[in-house]
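Next comes the sequence, and after it the predicted model I'd like to discuss.
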Amino acid sequence: MCDLCARPVSGMSRRGLFAGMAAFSATAALSPRAFAQAAPQNAITPDEALKRLMDGNARYAANTSANLDYSAGRAARVTVQHPIAAILSCADSRVAPELAFDQGPGDLFVVRLAGNFVNDDGLASLEYAVKFLNTPLVMVLGHSRCGAIDAAIKVVRDGASLPGHLQEMVREIRPAVKAAKADKPDDVLAAAVAENIRRGVRRLETAKPILADFVRSGKVKVVGAHYELANGKIALV
Ligand SMILES: [Zn+2]
């Protein structure tokens with residue numbers, strides 16, 4: 001059985017697994033073990049959730065992903081979801097959180113927008129995951145060679161002008177670019193990507209009233225992570 005989410009990795013369907021659990025519960029009624037098995041998959045600590053993600057990324061980077069049966073457990077997810085992590089990710093087509101962390105449907109609650117910055121709409125979605133879905137981990141996931149951040153650098157450093165609503169995106173990323181430009185002028189893009197992640201984490205950790213309260217109580221942790229396009233590996237920032 002997959003250690004991440006009670007998802008069988010071979011042979012046995014999730015439906016069969018649930019049937020087996022029901023039979024087990026009938027014979028071991030109300031035992032502590034029966035209760036433990038009935039707990040939702042995200043009734044875990046933030047650190048346990050993070051370990052599941054990082055273990056999944058190790059499988060993904062090694063091309064040994066285990067979560068490939070996307071219909072498994074579909075019926076059980078019709079009325080409930082118990083995502084183990086809420087992720088604010090870039091919209092970049094090369095960065096797909098479910099794939100990169102080797103997680104299946106129902107495992108991740110993902111907000112995506114180019115530049116993975118925190119705005120009120122994204123924050124509301126993350127608050128929903130924490131407050132109503134009991135998600136124990138929130139992650140800001142940036143990546144190498146981010147085009148949105150590169151565009152912001154061109155505006156800040158080179159005076160470029162962007163059309164349409166892209167200026168609004170740049171406005172959100174500009175503070176990270178300015179800080180990176182001052183600290184690491186030799187590699188502004190990499191520095192701005194990292195700074196943008198760190199700023200996102202700080203913003204979420206202190207976002208009142210919901211996320212800040214959950215973080216203070218220890219029920220939720222906010223972490224930053226960086227996806228390397230060249231090898232698919234994710235490292236904490
Ligand atoms: Zn990006």
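That came through fine.

Quick check: Gly224 vs Ala192, distance?
Distance, Gly224 to Ala192, by CB to CB, to the nearest Å: 14 Å. (Each C-beta comes from the backbone N, C-alpha and C, glycine too.)

Comparing the two, which shows the higher neighbour count?
Set side by side, Gly224 and Ala192 show more neighbours around Ala192, with 29 against 22, by other CB atoms under 10 Å.

so what's that one up against?
149, 152-153, 173, 176-177, 179-181 (CB atoms under 8 Å, 6 or more residues apart in numbering).

nearest to the ion, of these?
For those, the residue nearest the ion by CB to the ion is Ile149; the value is 6.5 Å.

Read off the pLDDT value for the closest one.
pLDDT recorded at Ile149 is 98.

tell me which element it is part of?
For Ile149, the host element (DSSP states H and E) is helix 147-158.

What helices and strands are in contact with that helix?
Here helix 147-158 touches helix 166-183, helix 188-205, going by 3 or more CB pairs under 8 Å, 6 or more residues apart in numbering; DSSP states H and E.

So which of those is nearest Leu123?
Between Leu123 and these, the tightest spacing by CB to CB is seen for helix 188-205, at 7.3 Å.

quick one on the thing from earlier: lowest-confidence one in the contacts of Ala192?
Least confident entry in the contacts of Ala192, by pLDDT: Lys181, with 93.

ok, that residue touching Val188?
Yes: here Lys181 reaches Val188: they are 5.3 Å apart, a contact under CB atoms under 8 Å.

So for those two, which residue has more residues nearby?
More neighbours surround Val188 than the other of Lys181 and Val188, with 22 against 16 (other CB under 10 Å).

Tell me the pLDDT of that one.
97.

Now tabulate the helices and strands packed on helix 147-158 in CSV and tack on distance to the ion.
As requested, the helices and strands packed on helix 147-158 are exported to CSV (distance: least, CB to the ion, whole Å):
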stretch, distance to the ion
helix 166-183, 10
helix 188-205, 8
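
Quick check: which of the ones you listed has the most neighbours on average?
With neighbours defined as mean count of other CB atoms under 10 Å, the helices and strands packed on helix 147-158 peak in mean count at helix 188-205, which reaches a mean of 22.

The helix or strand just after that one versus helix 188-205: what angle between them?
Moving toward the C-terminus from helix 188-205, the next helix or strand (DSSP H and E) is helix 210-217. If you take axes from the mean of the first three to the mean of the last three CA atoms, to 10 degrees, helix 210-217 sits at 80 degrees to helix 188-205.
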